[in-house]
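A.B. asks: A structural model of the following input is requested.
(chains A and B)
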Protein chains: 2
Amino acid sequence: MTQSKNETPMMNLSSENITENVKRINEAPDKPRLSYIMERLVSHVHDFARETRLSTKEWLAGIDYLTAVGVRQKSEFMLLSDILGLSLLVDSIDHPKPPGSTEGTLIGPFHSHEAEVMQNGDSISHDTNGTPCLVLGSVKDRQGQPIPGVKVDAWETDSSGHYDLQNEHRQNLDGRAVLESDPDGRFWFEAIIPVMYPIPHDGPVGQLLALLGRHPWRPAHMHFMFEKVGYDQLITALYMRGDPHETTDAVFGVKESLLVETSPASDAIAAQYGIKVGTPVLKHDFVLVSEAEASKLRDDLSVKALRDLGRKVKIVDGLPVPDVD
Amino acid sequence: MTQSKNETPMMNLSSENITENVKRINEAPDKPRLSYIMERLVSHVHDFARETRLSTKEWLAGIDYLTAVGVRQKSEFMLLSDILGLSLLVDSIDHPKPPGSTEGTLIGPFHSHEAEVMQNGDSISHDTNGTPCLVLGSVKDRQGQPIPGVKVDAWETDSSGHYDLQNEHRQNLDGRAVLESDPDGRFWFEAIIPVMYPIPHDGPVGQLLALLGRHPWRPAHMHFMFEKVGYDQLITALYMRGDPHETTDAVFGVKESLLVETSPASDAIAAQYGIKVGTPVLKHDFVLVSEAEASKLRDDLSVKALRDLGRKVKIVDGLPVPDVD
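C.D. replies: As a prediction, the model looks like this:
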């Protein structure tokens, strides 16, 4: 197949016929998903050039821009995806949420797989300049049943608005932890109240934001990721209600259902969790979707999306490919 | 404007409404061309994700792939553009060719602005392993009039299929030169007969080609670029007829009108150019398009492309932007 494909005549390519030819030579029958992704990628990249009448100078500027995005000490491609809304879009496609479940949002470039495993009640932040708070959460299914043994990943910036990963001279990770929901589906930890911060904007992504007259700010938030076998992964965040950037998040992450407020710890809460009376408490109940429900919803939306493109579809490993039979 | 844009409410973004919101916040009224390019880019990137139902895992693989493309000693973004057909497409859009003019092709990643300025008759290659040849060219306009004083940029690989730029330990550039057409529009130089070669495929671009079952070969060719005020820049190449990869160029560059053959130097030619009788001579007449003709054609095609998108259009600095008035 490969051999015959590479022998198919391909010459005299013009702006009118190049797309069909590139698609054809990219076909890899033994890799239907890759073939489909490449086919849509080539279609859209070529249409982009045709519709904008992209000039050679602009194309070279694009190559230079992507090169600059890549040569940063930490590549800015995810940040670029974030400010183009692609990251939020991908989460919403990959993790569709039925009514009554907690909405998802983008993961952002600062998640780490190296976070310390902690126990409920531990403090995830050692920043003494931050305002301490207690995070009090629960994890339930859509039927309201608590889910024990959920891996809960939480991460936030320090009080200056920087993640540990942004500090080149860091000794340890800080402001993040991995916990587990208890038999009643509850988890709790001490942290600091999230603050607003600008995304890194001293590089190519910042230049693009400036060119477009956009600010780099994210409203104050704390990231969460929930994982347990049998449930669809939930990547989300809680946003502090009333933040000045609440409705202009540079990376499009805020959802109304994810806005939260703190309330001061009562005598009972203070006694129960060993904190001072009046400490701000950030309480939230998270609702996970079962893997079966999420799969079904994802598959249904995939079938619809490909039908809208005029394609018959089959689902392979949970992802759509055109059905050519 | 910037201020009010950044204050527009933007929350609860989903896979259905995120695209309109990202487009809106990217609007930069004082930069209509950038705004248009960003609008089409966001549309196509988002549609790509929606139509493929791009999974988080695939999106992360894409980010990692682009990062790998960027961290190469020499960024492979242009090579990636080449194997996706984007480079050929951009040349065909930016340099449209009316009938009777020499067709263009992609510039490729190995042009240099540092090439030595030489005189007609000089040798651009010092590779003693190559087969010497004489390149005998003319430059005319579409009315058949010779064009003197054209800057002629020529470049080719050595006999092993490598450009000078690919040799990290090079002392000097070789296999390239800048010449000027004489009062009769003619130019000539000694070189070596071009050989076929694989594009660099030890990096991310090579990995993608392998995944897709594609070979990395380019048929034997010599690159040319022609520039003179009043004429549209011509980026092209001559391809050696009969090359085994003639119709399967990995970067889609070959055009029938650019296929050439050598013929052995006659006694007269040998005497005139100071070469041995029988030396292969590669003779070709190039036809440039006037800047005015190319502009008109480019503008007409731009207007058509935007009309096909349902947009009114105005041309600013030779490039289209939607006419919002």
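
A.B. asks: only C-alpha atoms for contact and neighbour calcs from this point on.
C.D. replies: Noted.

A.B. asks: what's near enough to touch residue A:162?
C.D. replies: By CA atoms under 8 Å, 6 or more residues apart in numbering or on different chains, the contact list for residue A:162 reads residue A:197.

A.B. asks: which SS class is it?
C.D. replies: Put simply, residue A:162 is coil when judged by DSSP: H, G, I helix; E, B strand; the rest coil.

A.B. asks: What pLDDT does the model give it?
C.D. replies: pLDDT recorded at residue A:162 is 95.

A.B. asks: Near the residue of the stretch 51-200 of chain A found nearest chain B, how many other residues are there?
C.D. replies: At 4.5 Å from chain B, residue A:70 is the closest residue in the stretch 51-200 of chain A, using CA to the nearest CA. For residue A:70, the neighbour count with other CA atoms under 10 Å in any protein chain shown is 24.

A.B. asks: neighbours of the residue lying closest to residue A:175 once chain neighbours are set aside, just the number please.
C.D. replies: Excluding the flanking residues, the one nearest residue A:175 by CA to CA, 6 or more residues apart in numbering or on different chains is residue A:125, at 4.4 Å. Per other CA under 10 Å, the neighbour tally for residue A:125 reads 22.

A.B. asks: low-scoring stretches of the stretch 151-300 of chain A, by residue?
C.D. replies: Scanning the stretch 151-300 of chain A for pLDDT under 70 picks out nothing.

A.B. asks: can you give me the strands in it?
C.D. replies: Ranges of strands in the stretch 151-300 of chain A, per DSSP state E, counting those that start in this stretch, are A:151-155, A:176-180, A:186-192, A:197-198, A:217-218, A:221-227, A:234-240, A:259-260, A:262-264, A:280-287.

A.B. asks: residues making contact with the strand or helix carrying residue A:301?
C.D. replies: With secondary structure defined by DSSP states H and E, residue A:301 is part of helix A:291-308. Here helix A:291-308 makes contact (CA under 8 Å, 6+ apart) with A:93-98, A:230-232, A:312-315, A:318-320, A:322, B:50-53.

A.B. asks: Any of those residues buried? List them.
C.D. replies: Those of the contacts of helix A:291-308 that meet the buried threshold are A:93-97, A:231-232, A:312-314, A:319-320, A:322, B:50-53, by 16 or more other CA atoms under 10 Å in any protein chain shown.

A.B. asks: Please parse chain A into its domains.
C.D. replies: A:97-289, A:295-325 (automatic domain parsing).

A.B. asks: So which bits of the last one are buried?
C.D. replies: Looking back up the chat, that one is domain A:295-325. A:295, A:297-299, A:301-306, A:312-314, A:319-322.

A.B. asks: In what element of secondary structure is the spatially closest residue to residue A:257 that is not a sequence neighbour found?
C.D. replies: The shortest distance from residue A:257 to any non-neighbouring residue, by CA to CA, 6+ apart, is to residue A:103 (7.2 Å). Assessed by DSSP H and E, residue A:103 sits outside every helix and strand.

A.B. asks: do the same with residue A:60
C.D. replies: helix A:56-71.

A.B. asks: Which per-residue confidence value corresponds to residue A:78?
C.D. replies: You'll see residue A:78 listed with a pLDDT of 86.

A.B. asks: That one contacts residue B:64, correct?
C.D. replies: No: checked against CA atoms under 8 Å, the pair residue A:78 and residue B:64 is beyond contact range at 9.1 Å.

A.B. asks: wouldn't residue A:15 be in contact with residue B:94 here?
C.D. replies: No: with contact defined as CA under 8 Å, residue A:15 does not reach residue B:94; the gap is 10.3 Å.

A.B. asks: where does residue A:3 land on pLDDT?
C.D. replies: Reported pLDDT for residue A:3: 45.

A.B. asks: pLDDT on the longest helix seen in chain A, on average?
C.D. replies: In chain A, taking DSSP state H as the definition, the longest helix is helix A:32-52. The average pLDDT for helix A:32-52 rounds to 88.

A.B. asks: Against which helices or strands is it packed?
C.D. replies: helix A:18-26, strand A:319-322, helix B:32-52, helix B:86-94, helix B:291-308 (3 or more CA pairs under 8 Å, 6 or more residues apart in numbering or on different chains; DSSP states H and E).

A.B. asks: ok, 7 Å please
C.D. replies: Applying 3 or more CA pairs under 7 Å, 6 or more residues apart in numbering or on different chains; DSSP states H and E, one finds that helix A:32-52 contacts helix A:18-26, strand A:319-322, helix B:32-52.

A.B. asks: Report the angle between the longest one and helix B:18-26.
C.D. replies: Between the axis of helix B:32-52 and that of helix B:18-26 there is an angle of 160 degrees, by axes from the mean of the first three to the mean of the last three CA atoms, to 10 degrees.

A.B. asks: and the angle from helix B:32-52 to helix B:56-71?
C.D. replies: Going by the same axes, to 10 degrees, helix B:32-52 makes 140 degrees with helix B:56-71.

A.B. asks: What lies in contact with helix B:32-52?
C.D. replies: A:37, A:40-41, A:44, A:48, A:52, A:84, A:86, A:90, A:305-306, B:19, B:23, B:26-28, B:321 (CA atoms under 7 Å, 6 or more residues apart in numbering or on different chains).

A.B. asks: just stretch A:270-282 next, same as before
C.D. replies: The contact list for stretch A:270-282 (CA under 7 Å, 6+ apart) reads A:133, A:134, A:135, A:136, A:261, A:262, A:263, A:264, A:265, A:266, A:267.

A.B. asks: before we move on, what about stretch A:237-249?
C.D. replies: Outside stretch A:237-249, the residues that touch it by CA under 7 Å, 6+ apart are A:105, A:217-224, A:254, A:258-261, B:6-11.

A.B. asks: tell me which residues of that stretch are tucked away?
C.D. replies: A:237, A:238, A:239, A:240, A:241, A:243, A:245, A:246, A:247, A:248, A:249.

A.B. asks: Using CSV, list the CA coordinates for that stretch.
C.D. replies: Only the C-alpha atoms of stretch A:237-249 are listed here, as CSV (Å, rounded to 0.1, in the frame of the first residue of the first chain):
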residue,chain,number,x,y,z
ALA,A,237,-11.2,24.8,38.6
LEU,A,238,-13.0,26.9,41.1
TYR,A,239,-13.1,30.7,40.4
MET,A,240,-13.3,33.3,43.2
ARG,A,241,-16.6,35.2,42.5
GLY,A,242,-16.2,38.9,42.0
ASP,A,243,-12.7,38.8,40.5
PRO,A,244,-12.1,41.9,38.2
HIS,A,245,-11.3,39.4,35.4
GLU,A,246,-14.2,37.1,36.1
THR,A,247,-15.7,37.6,32.6
THR,A,248,-12.5,38.3,30.7
ASP,A,249,-10.3,35.4,31.5
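
A.B. asks: what does the stretch 51-200 of chain A put close to chain B?
C.D. replies: A:51-56, A:63, A:67, A:70-71, A:75, A:77-78, A:84-86, A:89-94 (CA under 7 Å from any CA of the partner chain).

A.B. asks: And the residue in the stretch 101-250 of chain A that chain B sits nearest to, how far from residue A:205?
C.D. replies: Residue nearest to chain B within the stretch 101-250 of chain A: residue A:247 (4.7 Å; CA to the nearest CA). Using CA to CA, to the nearest Å, we find residue A:247 at a distance of 20 Å from residue A:205.
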